[in-house]
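>>> generate coordinates for the sequence data below:
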Amino acid sequence: MPTTINIAHQLVADRQKTYWELSDRVWDSPELNYKEFKSSKLHEDALRREGFDVSTGIGGLPTAIMGEAGSGGPVIAILGEFDALPGLEQSAGSLTPNEDANLGAGHGCGHNLLGAAALLAAVAVKNYLSSSNVQGRVRYYGCPAEEGGSGKAYLVRSGAFDDVDAAITWHPASYCGIANPVSLACNEIVFEFKGRSAHAAVCPHLGRSALDAVELMNVGVNYLREHIPSRARIHYAITDTGGHAPNVVQANAAVRYVVRGSDTNELRELVERVFKVAEGAAMMTETTVKWRIVTGEANLLGNETLENLMFRCLQEYGAPKFDEADQAFAEDIQKTFPSGSVEGTVKCLNLPTSKNSALITDLVAPRSTDPSVAGSTDIGNVSWVVPTVELRSTTHAMGTPAHSWQIVSQGKMPAAHKGLSHAAVIMGATAMELFFNPPLLQKAKDEHLNLRRESDYVDPLPATAVAEI
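Below you'll find the model as predicted:
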C-alpha cells in the first residue's frame, strides 16, 4: 500500500507545472498589502478550475479568498500568501541589484512561491479525498497583507478559522526543516501630531511644530530602548514630515512605529510605555497627538504533535534535490551577500559542513530549539485559535538575506520551483495523515487546548483596529 508521502508526491507531480506557472505570474505582478487584486484573482481562478467551492472577500478583506473541497469529517486548512514588498523590483536571475531610483514592488519574501505551493498542496489533498473513502474537508486560505498588514489577524477576529481542526503552512527559506515556533508579538501604530503653522522667521513664537514632536518622541523612545526586555524590539519610520519648506513651522507630522515583545502581555506593557512617550512629546511642544493601532500579531503557539508528524514526513521524503546548474547559480549569487552570511547561516542551522550545504542545501536541518528568532508573523494569531504547524523548504541559496533583492532574483529560478513542489508534498502528506488518523488529529487538538489553558492570551489586535485597505 502506498504511503501518504508517495501519494502526495504523485499528486503534486501531476499538477506542479501549472503551479510553477501560477507562482511566476504572481512574481510578474507584485502587489502590496491589501492591493493584491491580480494575485488574488489568479488564485481564485485556479481554485475554481480545480473544482473548489470558492468564497471571496472573507473577513471583510477584498483580496482574501477561501476554497473548500470534500465533505463531512474534520477541516484541515492550508494557508497561502501572495503579497510583495515595496522597493524591491528586480529582474529574475540577475546577479546585480536594480539601481533605479523609483523601484516598484518585488517578491522579496517569496510569497509568490508560498501561495502557489499551498494551493498545490490543497489540490493534492482534494484529489486524495475524492479518490478515497476518507471523510474530511480541505480548505485553502489565500491570506493577504502578511507584510505589515496582519491579514490573518483580521481573519481570525472575523471567525474565519473557528471551525478549523488544524492549520498547515510553510515559508520559502534557504534551508529545509520544521520552523521553530518562536516569534515576537507585535503592534504597528500610527502616531499623528497636530500643531500650529507659522512663518519660521517672522513669527516662530506663534508656531507649534508637529515635526518637533515627532523628533522628540523618537528621541524619547531611543532612550527607552535601554530599559526594555532583551528580546523586545522597537522600530519607526517618519511617514509625514509636514512638508518640504524649512521656513514654515510644520503643523502636521506623523510617525509609524512597530513595537515587538516576546508575548502579547509583554507587548501590551511596552505599547503603553510608548504611548506615554508620545504624550510627553506632545506636552513638550504644546501639540496634540492621536494614535491608532493598525496591526496586531501574536507570538506563535507551537504544537509538538503536528511538528513531529511533519518532521517524520520530511525525514521520509528528504529535502529538495538540486542539480549542478542550481548549485552554480547559488555560488554566483552568494558573491553578492554580506561577508559571513553563508557561514553564519550554516552554523546557526547546525548543518554538516559540505560544499552543497553551503551553496543551496539538499539537507534537512535538525530540529531547533533556538529561542532567538526575532521576527513576527500573523500566523501567530492563527496558532492561538487552531493547532498550527509551519514548514521551511529550500527555495534560495544558503545565507540569502531576508527581504532582499537577491530573494526576488531567485524567485523564478528552477531551484525555487523545486522547493515549491517539495513544500506542497510535505504539507499535503501531513494533511493526509491527519485525515487518515483521527486519533492523531485529536491529540494535536488536545495539546493545543492544554497550552491555551496554561497561557494568558491577549489578542494584540484591538476591536477598534481597522485594516488599512
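>>> could you use CA atoms for every contact and neighbour count after this?
OK.
>>> whichever strand or helix holds Gln442 - contacts with which helices or strands?
Secondary-structure assignment from DSSP states H and E places Gln442 in helix 438-454. On a contact count with 3 or more C-alpha pairs under 8 Å, 6 or more residues apart in numbering; DSSP states H and E, helix 438-454 meets helix 304-317, helix 414-436.
>>> how does it look with 7 Å?
helix 304-317 (3 or more C-alpha pairs under 7 Å, 6 or more residues apart in numbering; DSSP states H and E).
>>> the helix it packs on to helix 414-436, inter-axis angle?
Orientation check (axes from the mean of the first three to the mean of the last three C-alpha atoms, to 10 degrees): helix 304-317 against helix 414-436 gives 130 degrees.
>>> buried residues in stretch 425-441, which are they?
For stretch 425-441, burial by neighbour count (16 or more other C-alpha atoms under 10 Å) applies to 425-436, 440-441.
>>> could the residues you listed go into CSV alongside distance to Val271?
Listed next are these as CSV, based on distance: C-alpha to C-alpha, whole Å:
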residue, distance to Val271
Val425, 41
Ile426, 38
Met427, 36
Gly428, 39
Ala429, 41
Thr430, 38
Ala431, 38
Met432, 42
Glu433, 42
Leu434, 39
Phe435, 42
Phe436, 45
Leu440, 39
Leu441, 37
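>>> just the closest of those residues to Val221, please.
Closest to Val221 out of the buried residues of stretch 425-441 is Met427 (42.0 Å), distances taken as C-alpha to C-alpha.
>>> in space, what's closest to the closest one - neighbours in sequence excluded?
Ala121 (6.1 Å; C-alpha to C-alpha, 6 or more residues apart in numbering).
>>> so that neighbour is in which element?
helix 111-130.
>>> hmm, who's touching that helix?
Helix 111-130 is contacted by residues 8, 11-12, 19, 22-23, 26-27, 69-70, 78-84, 138-140, 169-172, 420-421, 423-425, 427-428, 432 when judged by C-alpha atoms under 7 Å, 6 or more residues apart in numbering.
>>> now it and helix 414-436, what's the angle there?
Using the same axes, to 10 degrees: helix 111-130 against helix 414-436 is 40 degrees.
>>> next structured bit after helix 111-130?
Next in line after helix 111-130, if elements are assigned by DSSP H and E, sits strand 136-143.
>>> helices or strands up against that next one?
Strand 136-143 packs on strand 65-71, strand 75-81, helix 111-130, going by 3+ C-alpha pairs under 7 Å, 6+ apart.
>>> output those as a markdown table; include the columns mean pLDDT.
Formatted as a markdown table, those follow (pLDDT from 0 to 100):
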| stretch | mean pLDDT |
| --- | --- |
| strand 65-71 | 97 |
| strand 75-81 | 98 |
| helix 111-130 | 98 |
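>>> count the residues that sit near Ser230.
Neighbourhood size, Ser230 [other C-alpha atoms under 10 Å]: 10.
>>> phi first, then psi, for Arg292.
Dihedral pair for Arg292: phi -140, psi 130, per degrees, to the nearest 10.
>>> for it, give me the pLDDT.
With respect to pLDDT, Arg292 scores 96.
>>> burial of it, as a residue count?
15.
>>> that one and Ile189 touch, don't they?
Yes: counting by C-alpha atoms under 7 Å, Arg292 touches Ile189, with 5.7 Å between them.
>>> hmm, Ile189 is touching Gly296, no?
No: taking contacts as C-alpha under 7 Å, Ile189 lies outside contact range of Gly296: 9.3 Å.
>>> could I get the full set of strands for this structure?
Assigned by DSSP state E, the chain shows strands spanning 53-56, 65-71, 75-81, 136-143, 166-173, 177-178, 185-194, 233-240, 252-261, 288-297, 388-394.
>>> returning to that earlier point: what comes up buried for the helix holding Gln442?
Quick answer for helix 438-454 (16+ other C-alpha under 10 Å): Leu440, Leu441, Ala444, Lys445, Glu447, His448.
>>> now stretch 224-236
Ile228, Ala232, Arg233, Ile234.
>>> repeat for stretch 281-299
281-282, 285-289, 293-299.
>>> can you check stretch 238-248 too?
So for stretch 238-248, counting by 16+ other C-alpha under 10 Å, buried means Ile238, Asp240, Thr241, Gly242, Val248.
>>> the closest residue to the first one other than its chain neighbours - how many residues pack around it?
Meaning Ile238. Spatially, and ignoring its direct neighbours in sequence, Ile238 is nearest to Val255 (4.3 Å; C-alpha to C-alpha, 6+ apart). Using other C-alpha under 10 Å, Val255 is surrounded by 22 other residues.
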